[in-house]
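[1] Let's see this in three dimensions:
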Amino acid sequence: MKYKLLLLGLLLSVSGQSDAIDNEKSVDIEYEKIEKEMALVELEWERLFALEEQGIIIDQKEYDALTEKQQTLTRKKLLRQAGKNTSSK
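    Residues are numbered from 1 along each chain as shown. Now for the predicted structure:
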């Protein structure tokens, strides 16, 4: 009986470690998605600036929407980074 309890405890311990690894992988995947979205936002900024240089007037709403998206992604990135740091401890 004592050995069964030890084995059960060992299995639960390994299971808990597996969950932590899965959570860390999930955080990594989300972080990568955010990084890719941020790269797209940077490209969009470059596009808007290039249009501006050509003399094309850009609606302020486009700037505002892009700024808001960039801020949202930055917040998500910081939260994911905090989650990544917490899960690795």
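[2] C-alpha from now on. contacts and neighbour counts both.
    Noted.
[3] Low-confidence regions, this protein specifically.
    The model of the chain has pLDDT under 70 over residues 1-24, 84-89.
[4] how far away is residue 54 from residue 27?
    41 Å (C-alpha to C-alpha, to the nearest Å).
[5] of the two, who's got more company?
    residue 27 (20 against 9; other C-alpha atoms under 10 Å).
[6] Surely that one and residue 83 touch.
    Yes: under the contact definition of C-alpha atoms under 8 Å, residue 27 touches residue 83, with a separation of 7.1 Å.
[7] Tell me where the chain has helices.
    Assigned by DSSP state H, the chain shows helices spanning 2-53, 60-87.
[8] List the buried residues for stretch 50-63?
    Within stretch 50-63, no residue counts as buried by 16 or more other C-alpha atoms under 10 Å.
[9] And for stretch 43-50?
    Those would be 45, 48, for stretch 43-50 by 16+ other C-alpha under 10 Å.
[10] same deal with stretch 68-81?
    70, 73, 77, 80-81.
[11] Widest-spaced pair of the residues you listed?
    70 and 81 (16.2 Å; C-alpha to C-alpha).
[12] got a list of contacts for stretch 68-83?
    27, 30-31, 34-35, 37-38, 41 (C-alpha atoms under 8 Å, 6 or more residues apart in numbering).
[13] how about 7 Å then?
    By C-alpha atoms under 7 Å, 6 or more residues apart in numbering, the list of residues contacting stretch 68-83 from outside reads 27, 31, 34, 38, 41.
[14] Check the gap between the third one and residue 43 for me.
    The one in question is residue 34. Taking C-alpha to C-alpha, one finds residue 34 at 14 Å from residue 43.
[15] The second one too?
    Distance of residue 31 to residue 43, given as C-alpha to C-alpha: 19 Å.
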